[in-house]
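# structure of the sequence below:
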Amino acid sequence: MCLRQGGAINAQYSSVVISDTDFVGNSAKLGGGAVAAGSCVNGSLNVYNCQFSGNSARRGSGGAAFISSCNATFNATGVDNNTGGAAGAFYAELSVQDSDKVGEFSLYLDQAVMQNNRWGQL
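Next comes the predicted model:
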């Protein structure tokens, strides 16, 4: 288990492209059981043809992914049986330091299949 964010990948201040990858059974103490991306003001998180299954954010948000102040696209991605404190699948937020950029970030899902994700007490 990762002690902070992103059990498999923690990408901060960068652009990330992930394709044809399975994230299975990863966990993080805070956010993003599998992937955490944040403060990518001039970048983005792009995920294509991936599978997120059985990941968990133990005390945090986003069992599959935690996204903070970042444009994120999930295309042709399966998301199942993930758990998180505030969101079982994806959790997206605007960080305090980027509060002047309201409306500049987006979470886009295309052909995403999401099932059996849970949030709340773990």
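# how much space between Gly78 and Gly88?
From Gly78 across to Gly88, the span is 14 Å (C-beta to C-beta, to the nearest Å). No exception for glycine: its C-beta is placed from N, CA and C like everyone else's.
# between the two, who's got more neighbours?
Gly88 (27 against 17; other C-beta atoms under 10 Å).
# wait, that one sits on Gly63?
Yes: using C-beta atoms under 8 Å, Gly88 is in contact with Gly63, at 4.8 Å.
# what's the overlap in contacts for the two?
Listed as contacting both Gly88 and Gly63 by C-beta atoms under 8 Å, 6 or more residues apart in numbering are 82, 117-119.
# which one of those residues has the most neighbours?
Going by other C-beta under 10 Å, Asn82 tops these with 28 neighbours.
# tally of neighbours for the nearest residue to that one once chain neighbours are set aside?
Excluding the flanking residues, the one nearest Asn82 by C-beta to C-beta, 6 or more residues apart in numbering is Gly63, at 3.2 Å. By other C-beta under 10 Å, 36 other residues sit near Gly63.
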